[in-house]
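> model this:
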Amino acid sequence: MSLRVHKIKSQEFVGKEVTIRGWVHRLRKQKENSFILVRDDRGGVIQCVLPTEKASSLTVESSVEITGSVSQDSRAPEGGFEIKGKDIKIYNVAGADYPIGEFQSDELLLDKRHLTLRTRRMIAIAKIRATVLDLGRRWFIDNGWIEVTAPTIVKGAVEGGSTLFKLKYFDDEAYLSQSAQLYLEAMIFSLGPVWSLTPSFRAEKSRTVRHLAEFSHLEAEAPWVTLEDILKVQEQLVSYVIRTIVRDRAEELAYLKRDVSDLKQVEPPFERMPYEKAIDILRSRGVMVIEEYGSSREIRSGDDLSIDSERELTKDAERPMFVVGYPMAVKPFYVKEDGERKGVGLAADMLAPRGFGEITSGGLREDNIVSMTERIKSEGLNPAAYDWYLDLRRYGSVPHGGFGLGIERLLRWITNVEDIKDTVLFPRTMSRVAP
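Coordinates of the predicted model:
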């Protein structure tokens, strides 16, 4: 029976015969012996030593099965264990022109993403990603929320019509969903607190290190809540994920050279910073806003926070923070207005520390049908496309709210990678739709 590397690397197997299957990760041939780093199907790597005559045809990424005895030698790479090979079965000899070497351009690594996934860096990130998804699901289940599935083919916008992907739907016109939120709102009337993990699509013409055209969206909605209730859910969820990732994926984080000292400080409560205070801080630091035709001016009250302003706010922070009370004008039509402060939305964004910026956005949803209809019209949307959504306000509306968390943005902070494209296996951007 073939074993995985992590099991073989223990005192229990020293001196015993084992079989391992995998791919040639690195290869060094000498006159008598060849030293083969074999990578198994979970990214584990161990050195195998074979007579060169048995390994003469091997190339990097050839698929093999090697049988031999386990020995311990401090000189052996990858932990001091190696396999003294006795037999080898070669499944496929990879072409000698394998394009992924030690140093390659970012564009080549994206063009050959199907092969780049074999690099140990991408394997480490993929494992961390899988654990983040598992922990998100575990937190909601343990806290009594019900998982639901919303459609990704829809008739209306959630985050503004300018970023919709249009598609032909039989004889009709439809769009790819920007968010599951509206459908989650429908489900709270029968299921209570609900959550989903679905792809969301934004046709934003942005070439930044934190924008994707398709991303994984963890969203939650609940009835009978206040804004503070929603903020507590978010900080508890994120703290749980971070705390457990540091423990359960220590090996992968170490491989990525991620200093986790700051992650270990992530515990609730997170700071609640009023929007106006954030603007005052940014003005005191001379933060500028780029306008539509390229001119710039000093940031002022009423402006949305940009990537640059979020970075400035959080560059020295050690824990996430919430910016609370955004102007209604910069938030979508469904945001509820603060009854005590006209023009201020009961909405908040969670900003990750160290300049990583927004990772969640949420708040209370407008539950008054008249106010909701006016907002829909004022944003140039067709109320007829939202008739079903307005029904939720016609028949038994209640105070409710929720939030959305971008998995890739959370991963970018956890792994400390520069570009969000490295947090997803096959990234989609405005300039990339293959492989």
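> strand partners of the lowest-mean-pLDDT helix or strand in the chain, parallel vs antiparallel please.
Of all helical and strand segments in the chain, the minimum by mean pLDDT, DSSP states H and E falls on strand 288-290, at a mean of 90. Sheet partners assigned to strand 288-290 using DSSP bridges are listed as strand 296-298 (antiparallel).
> alpha carbons only: can I get whichever helix or strand comes after the strand it pairs with in PDB?
Using DSSP states H and E, the helix or strand that follows strand 296-298 in sequence is helix 307-314. The C-alpha trace of helix 307-314 is given here as PDB (Å, rounded to 0.1, in the frame of the first residue of the first chain):
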ATOM      1  CA  ILE A 307      -8.000  51.200  -1.400                       C
ATOM      2  CA  ASP A 308      -5.500  53.800  -0.500                       C
ATOM      3  CA  SER A 309      -7.500  55.400   2.300                       C
ATOM      4  CA  GLU A 310      -8.200  52.000   3.800                       C
ATOM      5  CA  ARG A 311      -4.500  51.200   3.700                       C
ATOM      6  CA  GLU A 312      -3.600  54.400   5.400                       C
ATOM      7  CA  LEU A 313      -6.200  53.800   8.100                       C
ATOM      8  CA  THR A 314      -4.900  50.300   8.900                       C
END
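> show me which residues of whichever helix or strand comes after helix 307-314 are buried.
Once helix 307-314 ends, the next helix or strand along the chain (criterion: DSSP H and E) is strand 321-324. Neighbour-count burial for strand 321-324, with 16 or more other Cβ atoms under 10 Å as criterion, is recorded at 321-324. For glycine as for every other residue, the C-beta is placed from the backbone atoms N, C-alpha and C.
> can you redo these as JSON lines with distance to residue 108 and pLDDT?
JSON lines is the format used below for the buried residues of strand 321-324 (distance: Cβ to Cβ, whole Å; pLDDT from 0 to 100):
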{"residue": "321", "distance to residue 108": "38", "pLDDT": "98"}
{"residue": "322", "distance to residue 108": "40", "pLDDT": "98"}
{"residue": "323", "distance to residue 108": "39", "pLDDT": "98"}
{"residue": "324", "distance to residue 108": "44", "pLDDT": "98"}
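> tell me which of those residues is nearest to residue 279?
residue 323 (9.6 Å; Cβ to Cβ).
> for that closest one, what are its contacts?
With contacts defined as Cβ atoms under 8 Å, 6 or more residues apart in numbering, residue 323 is in contact with 273-275, 278, 305, 313, 348-349, 351.
> which of the residues you listed count as buried?
The neighbour-count test (16+ other Cβ under 10 Å) marks 273, 275, 278, 305, 313, 348-349, 351 as buried among these.
> which of those residues fall in helices?
Members of the buried ones among the contacts of residue 323 lying in helices (criterion: DSSP state H): 275, 278, 313.
> for residue 121, which three-state class applies?
Applying DSSP: H, G, I helix; E, B strand; the rest coil to residue 121 yields a three-state assignment of helix.
> need the pLDDT of it.
For residue 121, the pLDDT comes out at 96.
> that one: how many residues sit nearby?
By other Cβ atoms under 10 Å, the residues close to residue 121 number 16.
> wait, it touches residue 257, no?
No: Residue 121 is beyond contact range of residue 257, at 10.1 Å (criterion: Cβ atoms under 8 Å).
> so which of the contacts of residue 323 is the closest to residue 363?
Taking the contacts of residue 323 together and measuring to residue 363 by Cβ to Cβ, the closest member is residue 348, at 5.7 Å.
> which residues does the closest one contact?
So residue 348 contacts 227, 230-231, 272, 322-326, 361-363 (Cβ under 8 Å, 6+ apart).
> pick the one among those residues closest to residue 184.
Checking the contacts of residue 348 against residue 184 with Cβ to Cβ, the nearest one is residue 362 at 11.5 Å.
> give me the number of residues near that closest one?
Neighbour count of residue 362, defined by other Cβ under 10 Å: 26.
> tell me if it really is in a strand.
Yes: the assignment for residue 362 by three-state DSSP puts it in a strand.
> grab the nearest non-local neighbour of it.
Nearest residue to residue 362 in three dimensions, chain neighbours excluded: residue 403, at 2.5 Å (Cβ to Cβ, 6 or more residues apart in numbering).
> which of the three states applies to residue 103?
coil.
> can you get me a residue count around it?
A count of neighbours around residue 103, defined by other Cβ under 10 Å, yields 4.
> same check, this time on the one 4 residues further on
Number of residues near residue 107 (other Cβ under 10 Å) recorded here: 9.
> one more: residue 174?
Residue 174 is flanked by 17 other residues according to other Cβ under 10 Å.
> so who does residue 150 touch?
177, 180, 183-184, 196, 198.
> nearest to residue 41, of the contacts of residue 323?
Of the contacts of residue 323, the one sitting nearest to residue 41 (Cβ to Cβ) turns out to be residue 351, at 37.8 Å.
> so what sits opposite that closest one in the bridge?
Per DSSP bridges, the residues bridged to residue 351 are residue 321, residue 358.
> and the pLDDT at it?
98.
> how about residue 295?
88.
> that one and residue 142, how far apart?
Distance from residue 295 to residue 142, counting by Cβ to Cβ, to the nearest Å: 51 Å.
> go on, residue 51?
As judged by Cβ to Cβ, residue 51 and residue 142 stand 54 Å apart.
> kindly provide the whole-number mean pLDDT of stretch 147-155.
Computed over stretch 147-155, the average pLDDT equals 96.
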